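Student: sequence-free structure coming up:
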């Protein structure tokens, strides 16, 4: 009595699980790439040899056209006038008393514009960081 096997080994390869993995990786990279907020304002920072590691929570940006932008945390920068910088920074200080203010100033702007923002920080006892790019 001969017993026949009805199972045959197939030599086919199923790509269904591979396409599922590629699709999940594509979704993962699309979501994580939108979390990173690029600096949309073009500012050429001055160079310095010394870099400080600090985590600023508030940003003040002065571009080459002498436009002022402010942002708190990971929010996008919004354009403001010079007179609106002080109330914005005071509001950030009430939210977080240990707030660091990072000043992103284009290297081509007049030095007096940087000093005006530094005076605001000095009058209100804010911790100010001048952001530069490495040499």
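Tutor: Yep, that arrived. These numbers come from a predicted model, not from an experiment.
Student: Please make it C-alpha for all contacts and neighbour counts, starting now.
Tutor: Fine.
Student: for the helix or strand harbouring residue 101, packing partners?
Tutor: In this structure, residue 101 sits in strand 100-105 according to DSSP states H and E. Contacts defined by 3 or more CA pairs under 8 Å, 6 or more residues apart in numbering; DSSP states H and E place strand 100-105 against strand 58-62, strand 127-130.
Student: In its sheet, which strands sit next to that strand, and in what direction?
Tutor: Neighbouring strands of strand 100-105 in its sheet, by DSSP bridges, are strand 58-62 (parallel), strand 127-130 (parallel).
Student: I'd assumed residue 7 was in a strand, is it?
Tutor: No - looking at residue 7 with DSSP: H, G, I helix; E, B strand; the rest coil, it is coil, so not inside a strand.
Student: Show me how far stretch 9-22 is from its chain's centre.
Tutor: Relative to the mean C-alpha coordinate of its chain, stretch 9-22 is positioned 40 Å out (CA atoms, centre = their mean, to the nearest Å).
Student: so for that stretch, what's the average pLDDT?
Tutor: Over the span of stretch 9-22, the pLDDT mean works out to 79.
Student: just to revisit the earlier point, deepest-packed of the strands paired with strand 100-105, please.
Tutor: Highest mean neighbour count of the strands paired with strand 100-105: strand 58-62, a mean of 23 (counted as mean count of other CA atoms under 10 Å).
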